[in-house]
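Can you look at this prediction? I've put the sequence above it.
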There are 2 protein chains.
Amino acid sequence: MVPVCPRFEKASALLSKRWVGLIIHILMQGPQRFNSLAETLSISPRVLSERLKLLEDEKIITRRIFDETPVRIAYQLTEKGYAMGPLLEAMATWAEAWA
Amino acid sequence: MVPVCPRFEKASALLSKRWVGLIIHILMQGPQRFNSLAETLSISPRVLSERLKLLEDEKIITRRIFDETPVRIAYQLTEKGYAMGPLLEAMATWAEAWA
């Protein structure tokens, strides 16, 4: 595929949103709870919620509910999300060298 | 570098602009004249001018002037532009498979 189609541009637009690349990067290490993500990123719960919602809508992350007491909820990458690894790496490499 | 810094997000924003990825992709094959680009892309001269100006400002492309009669002008990638190759490829691969 040449980088012309709307899918290419939509993927770029997603990653251009503040925090999105970093959230995906962090989740590459494994599932994370909301509070842990908010702490690592030092962002407001409101902004984090918005970004997680966006990533859920795009099926890049999913909420995993652990049947414990109290119930534990964590966010984890889907297969689509994990597949972003090489892309994130290529983007970061270029940005570091050139941007 | 983790994908957090503004440079990462700026690079994504650039590629999310319509035609930008494709223009860079086409120029990977070699320098192109304005009219040839406009024809290949089937876009208006106004839009193409805007995108080329943006890419020149970002030092991703440069105008090359051939000392001929009449003077010939072509657009070509800079080193920074050529360095986007792996990134474009990773983005296109992911978008094709998942977006």
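Here it is on my side, so go on.

how close does A:Glu50 sit to A:Asp57?
11 Å (C-beta to C-beta, to the nearest Å). Quick note: C-beta positions are derived from backbone N, CA and C, even for glycine.

Could you do A:Leu15 as well?
Distance from A:Leu15 to A:Asp57, by C-beta to C-beta: 15 Å.

Run through the neighbouring helices and strands of the lowest-mean-pLDDT helix or strand in chain A.
Ranked by mean pLDDT, DSSP states H and E, the weakest helix or strand in chain A is helix A:6-16, scoring a mean of 87. Secondary-structure packing of helix A:6-16 (3 or more C-beta pairs under 8 Å, 6 or more residues apart in numbering or on different chains; DSSP states H and E): helix A:85-98, helix B:6-16, helix B:20-27, helix B:85-98.

Let's check: the centremost residue of chain A is which one?
Closest residue to the average C-alpha location of chain A: A:Ile24 at 2.9 Å, with C-alpha atoms, centre = their mean.

can you pull the pLDDT of that one?
pLDDT, A:Ile24: 95.

Which one's more surrounded, A:Leu15 and A:Asp57?
Taking neighbours as other C-beta atoms under 10 Å in any protein chain shown, A:Leu15 and A:Asp57 compare with A:Leu15 leading, 22 against 9.

Can you tell me the closest non-neighbouring residue to the more buried one?
B:Ser12 (3.9 Å; C-beta to C-beta, 6 or more residues apart in numbering or on different chains).

which SS class is the residue of chain A positioned farthest from its centre?
Centroid-distance maximum for chain A: A:Thr69 at 27.2 Å, with C-alpha atoms, centre = their mean. With DSSP: H, G, I helix; E, B strand; the rest coil as the basis, A:Thr69 sits in coil.

go on, the one 5 residues further on?
Classification of A:Ala74 using three-state DSSP returns strand.

For the nearest residue in space to A:Gln76 that is not next to it in sequence, give its distance to chain B.
Leaving aside its chain neighbours, A:Gln76 sits nearest to A:Pro31 (3.9 Å; criterion: C-beta to C-beta, 6+ apart). Counting by C-beta to the nearest C-beta, to the nearest Å, the separation of A:Pro31 from chain B is 18 Å.

right, and A:Pro31 touches A:Ala74 too?
Yes - contact criterion C-beta atoms under 8 Å: A:Pro31 and A:Ala74 qualify, at 3.9 Å.

between those two, what contacts are shared?
Common contacts of A:Pro31 and A:Ala74 (C-beta atoms under 8 Å, 6 or more residues apart in numbering or on different chains): A:Arg64.

quick one: contacts for the nearest residue to A:Leu14 once chain neighbours are set aside?
Excluding the flanking residues, the one nearest A:Leu14 by C-beta to C-beta, 6+ apart is A:Val20, at 6.0 Å. Applying C-beta under 8 Å, 6+ apart to A:Val20 gives the contacts A:14, A:51, A:54-55.
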